[in-house]
Structures are given as structure tokens and as C-alpha cells.
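Peer 1: structure, please.
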Amino acid sequence: MKKFLYTNSSRPTCLKTTLSRILKNPFKISCILGTKLTDTATRTSYRTTPECLRRKGRLIGPCRYQNNPSRGCFVVLSSQRMKNPWKKLDSKMVHENPFFSVREDKVIRPDGKEGTYRVIEKSPSVFIVPITKKREVYLIGQYRYTTSLYSLEVPAGGSDGQRPLTAAKRELQEETGLIARKWTKLGVIQCSNDSSNHLGHIFLAQDLCETESNKMQDDGIDRLKIVPFKTVLQMITNGEITDGLSIAPLLMADLWLRTSNRRPCRPPTHMSQNR
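Peer 2: Coordinates of the predicted model:
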């Protein structure tokens with residue numbers, strides 16, 4: 001197996017571009033190809049290359065042209081769909097509350113030894129990046145009890161059994177008093193996959209208007225800031241914004257805004273949008 005990393009400042013403009021042209025003109029694509037498949041893949045159209053590789057057993061999963069998260073071609077490598085080395089022998093719930101539950105699994109680890117793995121089960125959350133026509137972002141500020149620090153974050157909250165977009169609209173209005181006429185789903189992230197199955201659905205909210213409904217005080221939010229998007233990125237670099245679940249949506253929004261003429265994204269199939 002050989003690994004090829006191709007980068008270029010430009011990007012492909014057509015799905016039917018041949019792979020030989022893609023190699024000269026992608027926006028960061030990293031893939032693994034078998035040495036015997038390189039020539040065949042080069043002669044195969046970009047649209048059909050994944051099927052060619054799958055038939056040869058070299059690539060498992062789709063190779064899609066989409067605008068998130070890499071702002072380009074999403075390649076599912078065999079390492080992402082590898083056989084699960086963990087085996088679950090038994091499972092029991094050890095704690096439950098309205099916000100999350102803790103499951104304790106008896107497992108056989110990848111090294112063959114038995115062990116216990118505790119998993120935090122939590123319903124999906126939504127994270128919203130509200131941006132104005134002047135490329136300004138609404139951020140909320142609140143004191144976080146767990147860290148004893150004040151934190152600037154994007155509007156966010158639990159889905160509470162609702163569809164992600166419905167929950168995002170509700171959270172935006174509750175936390176900022178805003179409604180958005182244009183919504184774009186940027187993708188789905190795994191919030192803490194070492195200990196939890198918690199997923200986060202990321203949305204970009206545009207064409208904003210204010211309403212009288214605002215529950216900031218009820219949610220513990222004591223400040224609402226409007227910050228130019230360039231300044232927000234500098235605040236991330238300078239360490240003024242440190243919440244990881246805000247940094248990820250902001251950077252995803254930045255990537256989307258750089259090439260906003262592309263099609264809405266389709267998250268990987270193993271991350272259901274309704275989970």
C-alpha cells in the first residue's frame with residue numbers, strides 16, 4: 001500500500017474530472033491506493049473511481065464530492081470501516097438522570113484481555129453559528145461551573161427528542177432572541193468519542209432577525225456578543241475562545257464560507273442525522 005497526499009490551492013470544478021486531473025487540482029485529499037490500481041484508477045473517471053477501488057478490495061466506502069468537513073472530496077478509508085476489535089460480553093446501566101446515563105460494559109479489549117468500559121449515553125446536541133450579512137457572529141457568554149471560568153461559546157443545546165434542525169431553531173431563539181430564515185447543515189461531530197456516544201449537529205444560521213423572545217437569563221447566559229468573523233478566528237488562536245464544541249462549529253463555518261457555492265453536505269452514513 002502506498003499513501004499519496006495531494007494538496008493544491010485550487011479545487012475541482014466538475015464531478016466528471018478524471019483522476020489524473022484531480023491529482024493536479026484537488027483541495028487536500030488523502031487516500032490510500034494499491035500500487036497495482038494506480039494506473040487503472042488514473043484512467044477511470046472521478047465519479048467511478050470509488051467503485052473501481054471497492055471491487056478490488058482496496059477502498060471501503062464512498063468517495064464523494066461534498067462541501068464538508070474538508071470542503072471537498074470525502075474519502076472513507078478502509079481504516080475507518082475496519083473490523084471492530086472490541087467484543088462486548090455483558091452490559092448494564094449503572095446511572096441515569098434526565099441529562100445522561102452511564103452504561104457499564106464487560107468487554108474483551110483489542111489485546112485479548114477482559115475489562116470494563118463505562119460509556120456515557122447522551123442524546124444528540126445542536127450547535128449553531130449565527131452569522132450576519134456583514135460576516136459578524138453572535139456569541140454567548142456564561143460562567144461554567146465545571147471549570148470555574150467564563151466562556152464564550154456558540155448557541156447550543158440538547159435536541160430533546162426533536163429533529164436536529166427543529167432543535168437548532170428553538171435553541172437559537174431561546175439563547176439569542178434571533179430567528180434565521182436560512183439554515184445550512186455543516187455536518188455532524190463526535191463530541192467525546194473516548195467516553196460517550198454524544199453527537200453534535202452543526203448548523204450555520206443566516207438572514208437573521210430579532211424577536212422579543214429571549215431566555216438568556218433563564219439559561220444562565222449573561223452576555224451576548226456580536227464579533228466580526230475574522231476576529232472570532234483570532235480569538236480562537238489567542239486562546240480567548242477555548243470551548244472545543246464551539247471551536248469546531250466555528251472552523252467548519254469558516255471552511256463552508258470560503259466556498260459557499262458548493263452543494264449542502266451529506267454527513268458520513270455511520271452518523272445518522274436523526275440520532
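
Peer 1: who touches residue 135 in this structure?
Peer 2: Taking Cβ atoms under 8 Å, 6 or more residues apart in numbering, we find residue 135 in contact with 228, 229, 230, 257. To be clear about C-beta, it is placed using only N, CA and C from the backbone, and glycine gets the same treatment.

Peer 1: same thing but 10 Å
Peer 2: Residue 135 sits next to 228, 229, 230, 232, 257 when contact means Cβ atoms under 10 Å, 6 or more residues apart in numbering.

Peer 1: how about the second one: what's its closest non-neighbour residue?
Peer 2: So that's residue 229. The shortest distance from residue 229 to any non-neighbouring residue, by Cβ to Cβ, 6 or more residues apart in numbering, is to residue 135 (4.5 Å).

Peer 1: same check on residue 226?
Peer 2: Residue nearest to residue 226 in three dimensions, not counting chain neighbours: residue 136, with 5.1 Å by Cβ to Cβ, 6+ apart.

Peer 1: give me the beta-bridge partners of that neighbour?
Peer 2: residue 228 (DSSP bridges).

Peer 1: give me the pLDDT for it.
Peer 2: At residue 136, the model reports a pLDDT of 96.

Peer 1: cool, residue 187 as well?
Peer 2: 96.

Peer 1: same for the strand or helix carrying it, what does it pack against?
Peer 2: For residue 187, the host element (DSSP states H and E) is strand 178-190. Strand 178-190 is packed against strand 125-130, helix 164-176, strand 199-210, helix 244-258, with contacts defined by 3 or more Cβ pairs under 10 Å, 6 or more residues apart in numbering; DSSP states H and E.

Peer 1: what comes up buried for that strand?
Peer 2: Of the residues in strand 178-190, 178, 179, 180, 183, 184, 185, 186, 187, 188, 189 count as buried by neighbour count, 16 or more other Cβ atoms under 10 Å.

Peer 1: turn those into a markdown table, including distance to residue 144.
Peer 2: Output for the buried residues of strand 178-190, formatted as a markdown table (distance: Cβ to Cβ, whole Å):
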| residue | distance to residue 144 |
| --- | --- |
| 178 | 22 |
| 179 | 27 |
| 180 | 26 |
| 183 | 27 |
| 184 | 28 |
| 185 | 27 |
| 186 | 24 |
| 187 | 25 |
| 188 | 24 |
| 189 | 20 |
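
Peer 1: quick check, pLDDT for the residue lying closest to residue 196 once chain neighbours are set aside.
Peer 2: Nearest non-adjacent residue to residue 196, counting by Cβ to Cβ, 6+ apart: residue 120, 4.0 Å away. Per-residue confidence for residue 120 comes out at a pLDDT of 97.
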